[in-house]
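# starting from these lines, generate the structure:
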Amino acid sequence: MEAYFLSEVDYQQDLHYHAWLVARELPATNKKGDKYIYTEFKQVFDKSKILDDYYKQAEKQSEKDERLERLLRIKKNQEEFRRKGGS
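Here you go, the predicted structure:
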């Protein structure tokens, strides 16, 4: 799943890069026409920010999965305890 996501991010980066290049050729300037609106490609597509967000989200999901596993183990232990005659 991660490999697919990374390939999609690379594809999106390529699309944004081409759009950025086209915007450089066609006048994408401020209203006065003396400065480019986007001076760096990172202003159009920040790959590091996208990847950071993805990994943070994956880490949060992993933490949720761990908590759910612990709760399921507790539930299973309680059921076994009750089956064995515990109160």
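
# so what are the domain limits for the chain?
According to the TED database, the chain is divided into the following domains: 1-45, 46-86.

# ok, of those, where does mean pLDDT dip lowest?
Lowest mean pLDDT of the domains of the chain: domain 1-45, a mean of 79.

# so which residue is smack in the middle of the chain?
Geometric centre of the chain, nearest residue: residue 54, 2.2 Å, by Cα atoms, centre = their mean.

# hang on, isn't that residue packed against residue 4?
No. Here residue 54 does not reach residue 4: they are 11.6 Å apart, not a contact under Cβ atoms under 8 Å. Quick note: C-beta positions are derived from backbone N, CA and C, even for glycine.

# on that earlier part again, which residues touch the residue nearest to the centre of the chain?
Under the criterion of Cβ atoms under 8 Å, 6 or more residues apart in numbering, the neighbours of residue 54 are 5, 9.

# now do 10 Å
By Cβ atoms under 10 Å, 6 or more residues apart in numbering, the contact set of residue 54 is 2, 5, 6, 9.

# and residue 6, by the same measure?
With contact set as Cβ under 10 Å, 6+ apart, residue 6 has these partners: 51, 54.

# give me the element it is part of.
helix 2-25 (DSSP states H and E).

# now that helix: how far from the chain's centre is it?
Distance, stretch centre to chain centre, for helix 2-25: 15 Å (Cα atoms, centre = their mean, to the nearest Å).
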